[in-house]
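Peer 1: Fold the following and give me the result.
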Amino acid sequence: MASKETILTAEGLKKLEDELENLRSVRRHEVAERIKVAIGYGDISENSEYDDAKNEQAFIEGRILELEQMISTATVIDSAGNKKGVVQLGSTVVVKDMEFGDEETYTIVGTTEADPSKNRISNESPVGAAILGQKVNSVVQVHTPAGELSYKILKVK
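Peer 2: Predicted structure coming up:
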């Protein structure tokens, strides 16, 4: 099975690498110590500290594998090479809701870095997918679970 490409900003890649390093060098050792202490309590068959530590160890090892996979398939967005006025990965876009007149600013990122609360939307989200490749003054139709929305692209940075 081919691995899916992970699209990241340079900042996002650095965060993943830092998290991976922390899990490998700090968290693994902390959990190993917790397991050692829990084993010292005696019978592990009914030892909740041991069970908790083993569950955390499994979570950490799973996250390490996940991060290694994302980093190995990472493609870093180079926003310096973006075409002027065209919405691409890494672009910050100001759009106007044609129905209500509200303006929103979004940064288009890969799914790994998407955070709607910070207006960082995925290139695979309904709005992100609809505006990718569009130019300033384009009006796009967005198919969302809430219905059909229209946005006008006002600015691309």
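
Peer 1: Only the buried residues of stretch 147-157, if you could.
Peer 2: For stretch 147-157, a neighbour-count test (16 or more other CB atoms under 10 Å) marks Leu149, Tyr151, Lys152, Ile153, Val156 as buried. Placement of C-beta: from N, CA and C, glycine included.

Peer 1: Can you tell me the SS state at Thr107?
Peer 2: What DSSP: H, G, I helix; E, B strand; the rest coil gives for Thr107 is strand.

Peer 1: This structure: strands as residue ranges?
Peer 2: 6-8, 74-76, 92-97, 103-109, 120-122, 139-144, 147-156 (DSSP state E).

Peer 1: Rebuild the ones you listed as TSV, extending it with mean pLDDT and distance to Asn55.
Peer 2: Listed next are the strands of the chain as TSV, based on pLDDT from 0 to 100; distance: least, CB to CB, whole Å:
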stretch	mean pLDDT	distance to Asn55
strand 6-8	86	27
strand 74-76	89	29
strand 92-97	93	40
strand 103-109	94	32
strand 120-122	94	30
strand 139-144	90	38
strand 147-156	92	42
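
Peer 1: between those strands, which one is nearest to Glu56?
Peer 2: Judged by CB to CB, the one of these that comes nearest to Glu56 is strand 6-8, at 25.0 Å.
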